[in-house]
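Novice: Fold the following, please.
(4 chains)
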Protein chains: 2
Amino acid sequence: MTSMSGPEDWAASPVDAVDPRARPTMKNVAALAGVGVKTVSRVINGEPNVSPATVARVRAAAESLDFHPDLHAGNLRRADGRSSTLGLLVGSVGNPFSGAMHRAIEDLASARGVAVFASSLDDDPDREEVAVSAFLRRRVDGLILTTVSKSQGYLLPELRRGTPLVFVDREPAGVQADVVVSDNAAGAAAATRHLLSYGHRRIAFLGDRTDIQTAQERRRGFLEELGRAGVATADIPVITGLHDEDAANRALIALLESEHPPTAVFSSQNLITIGAVRGLRERGAHHTVALVGFDDVPLADLLEPGVTVVAQNPYEIGRLAAARIFARLDGDRSAGRTYVVPTELITRGSGEMRPK
Amino acid sequence: MTSMSGPEDWAASPVDAVDPRARPTMKNVAALAGVGVKTVSRVINGEPNVSPATVARVRAAAESLDFHPDLHAGNLRRADGRSSTLGLLVGSVGNPFSGAMHRAIEDLASARGVAVFASSLDDDPDREEVAVSAFLRRRVDGLILTTVSKSQGYLLPELRRGTPLVFVDREPAGVQADVVVSDNAAGAAAATRHLLSYGHRRIAFLGDRTDIQTAQERRRGFLEELGRAGVATADIPVITGLHDEDAANRALIALLESEHPPTAVFSSQNLITIGAVRGLRERGAHHTVALVGFDDVPLADLLEPGVTVVAQNPYEIGRLAAARIFARLDGDRSAGRTYVVPTELITRGSGEMRPK
DNA sequence: TCCGGTCCTGACATCGATGTCACAGTTTGG
DNA sequence: CCAAACTGTGACATCGATGTCAGGACCGGA
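Specialist: Numbering: from 1, shown residues only, chains lettered A, B, ... in the order given. All right, here's what the predicted structure looks like:
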């Protein structure tokens, strides 16, 4: 009769009914293997002191049920309570700079079986706290963040609890923690020095929104270098608040059409550089006005002229950040430090033109 | 004496000691607010029937302890058991195509309070099952994946359990589920037709590894279009197995140096297109040999000549995939369907040269 | 005044796993 | 040969939350 039993009979059968829509638990595996749940737990986690025969039976049962243990249920009771999960907050996951950082972090993380949550902020401070809270509710083991809000003081309690925190790309305010940044001021100074060395004195600065910390740093590096070179900065065109390609494009064209157009341009962010390249081309000035950009741009070497840039190293920034997180998870209790990743001037042509 | 009590006194105080290193639970909040845990739960989850005064007390207590509820502990008991988490498997999070898809998915997800895990596979089949298992252990509500393994049959039990599954960019084998892909064959055919219309007959094909499903489709589209045009495909150079810029570069140079160099090239993937552009330039052939690429390339319009491409729409692919996941989570039980996202031919110069 | 219905609240079982501990059987060592 | 140590195993409490349910306070209407 067993093979003929109706559905209600089946559902009431002593062995837990194998409903394909139900997710199997250790209890189900244990029942099928004829052992206790704790033994299943031991087998799944590779703990010692289980006889080979039992291991085999449990493995077979788990396999046949397609059992996947619930990591979070385990963490609830587990001693260290680690979720093997990291949270990453970036400008946008669609942006190549963020992508390279993300990839580096993932490379270190996946080697340790750690999964990575990523969230885009679009430089919107309101989204920052929401995103952090979403990660905290999911009990991430650590947080890597590109800061946009004015102050990160709201993270202090979390930091005190021992959650590793690393700020990348931008320095935090109101928190003492690990920080990994590019050498923004020095890179900007190097770009400026490069243009000065080719004889430029009238160098325009195209900058991002001034509430972004790196944008300030780059402007500072630019102006300080001009100061060191004895160039009066009073009549130097310093344009800020550009946040996309289009704004940069328009700003550059306005500059070219101004009374005293610059002989060189320092564009302090990759989208701004692209907007500037477009502007120069539209006005046919790409072979006369010099350009150096901050942050590398894809295919910059294939343009004519190639675009000279101060390249950042986003992969290295991500790598260092992830390394810091894991060092702290492994017990490092040293004070938070700032790690500076050097930038590199890559000359490709656009920055090596002399003023006409 | 209270204000003078020593640390051990403090630790043993009847009110649970407020250890800043301990993560507060609802129990702690309840104790501080002088209510039961269930009431805290009600307040935190915005359930009705709690007096305004109690709500205020609980909120204040939660705030002062910096309490963040444990989402996963809640899910354990919660009826639907949703983790508000999605898993995404892509080629590489550092790749702009993946980045755009990822961003689209995140945009829909974050509007619903859903967090997104991303993992890179580097087209390595071994990593696929590991990554999927990592997501399953974390109880993601749905899975969006760019497939690399031969068969996705191992996902069948999960699919039967009702976990929404969407395959993006590449069609799965052995599973019937939602699929979102570009129109690879049609796009390749359009590119080929475009080159034919400019009089080319000797068109070389540069392709990716043939175990990648989209690579096969694009080759098929190319060859079928030649067939329709009555061009004998026997002596058409079809080179496959190119998986990076360098390999493409070398292959193209070899073609140019062969006995009968092609008058046009169809490069069927973005890295291959970049390698091809480099090769043409190195041999000074970029103004004589036509080129059309599959998949857009950043700054392609600023090159000289601009690179004509068949552009995919990764954002739309991601958007559709996420929309399907959420539709299924919302109860859609219809059979899995394939959604084809159209490609678009963008003419910029490199594809509009006639054979010399 | 009494009854039934809201409103507010907390005790308790429970979700799926792991930590602790107890216990039986088997070795080991003196 | 027996105590001590080790091996293999499962019962049970527990992690942090939510679902269920029951009970007391308070309301309006008969």
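Novice: what's around A:D107, how many residues?
Specialist: 15 (other CB atoms under 10 Å in any protein chain shown). Quick note: C-beta positions are derived from backbone N, CA and C, even for glycine.
Novice: Please report how far the residue lying closest to it once chain neighbours are set aside lies from A:I144.
Specialist: Excluding its sequence neighbours, the residue lying closest to A:D107 (CB to CB, 6 or more residues apart in numbering or on different chains) is A:R319, at 7.5 Å. Remark: distance between A:R319 and A:I144 (CB to CB, to the nearest Å) = 11 Å.
Novice: again, but for A:L303
Specialist: For A:L303 relative to A:I144 (CB to CB), the value is 33 Å.
Novice: likewise A:N75?
Specialist: From A:N75 to A:I144 the distance is 20 Å (CB to CB).
Novice: Settle it for me: which of those two has more neighbours?
Specialist: Each of A:N75 and A:I144 has its neighbours counted (other CB under 10 Å); A:I144 has more, 30 against 19.
Novice: Low-confidence bits of chain A, can you list those?
Specialist: For chain A, the stretches with pLDDT under 70 are A:1-20.
Novice: Can you pull the domain assignment for it?
Specialist: Following automatic domain parsing, one finds the domains of chain A at A:2-69, A:85-181+A:315-341, A:184-313.
Novice: Run a quick neighbour tally on the closest residue to DNA strand D within the stretch 151-300 of chain A.
Specialist: Scanning the stretch 151-300 of chain A for proximity to DNA strand D using CB to the nearest atom of the strand identifies A:R161 as nearest, at 11.8 Å. Applying other CB under 10 Å, we find 15 residues neighbouring A:R161.
Novice: now do A:E47
Specialist: 11.
Novice: quick one: buried residues of stretch A:319-336?
Specialist: Residues of stretch A:319-336 classed as buried: A:319-326, A:328-329, A:336 (neighbour count, 16 or more other CB atoms under 10 Å in any protein chain shown).
Novice: Ok, stretch A:94-108 next?
Specialist: Of the residues in stretch A:94-108, those buried (16+ other CB under 10 Å) are A:94-106, A:108.
Novice: got the CA positions of the helix or strand hosting A:L226 in CSV?
Specialist: If you go by DSSP states H and E, A:L226 is part of helix A:213-228. Extracted in CSV, the C-alpha atoms of helix A:213-228 (Å, rounded to 0.1, in the frame of the first residue of the first chain):
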residue,chain,number,x,y,z
GLN,A,213,37.3,66.1,0.3
THR,A,214,39.6,64.8,-2.5
ALA,A,215,38.5,67.7,-4.7
GLN,A,216,39.7,70.2,-2.0
GLU,A,217,43.0,68.4,-1.7
ARG,A,218,43.7,68.4,-5.4
ARG,A,219,42.9,72.1,-5.6
ARG,A,220,45.2,72.7,-2.6
GLY,A,221,48.0,70.8,-4.3
PHE,A,222,47.5,72.7,-7.5
LEU,A,223,47.5,76.2,-5.8
GLU,A,224,50.4,75.4,-3.5
GLU,A,225,52.6,74.3,-6.4
LEU,A,226,51.8,77.5,-8.3
GLY,A,227,52.8,79.3,-5.1
ARG,A,228,56.1,77.5,-4.8
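Novice: Is A:E352 in contact with A:Y198, as I believe?
Specialist: Yes. Counting by CB atoms under 8 Å, A:E352 touches A:Y198, with 6.3 Å between them.
Novice: overlap in contacts of these two?
Specialist: Shared contacts of A:E352 and A:Y198, defined by CB atoms under 8 Å, 6 or more residues apart in numbering or on different chains, comprise A:A290.
Novice: So which residues of the stretch 151-300 of chain A form helices?
Specialist: A:156-160, A:184-197, A:213-228, A:245-256, A:270-282 (DSSP state H, counting those that start in this stretch).
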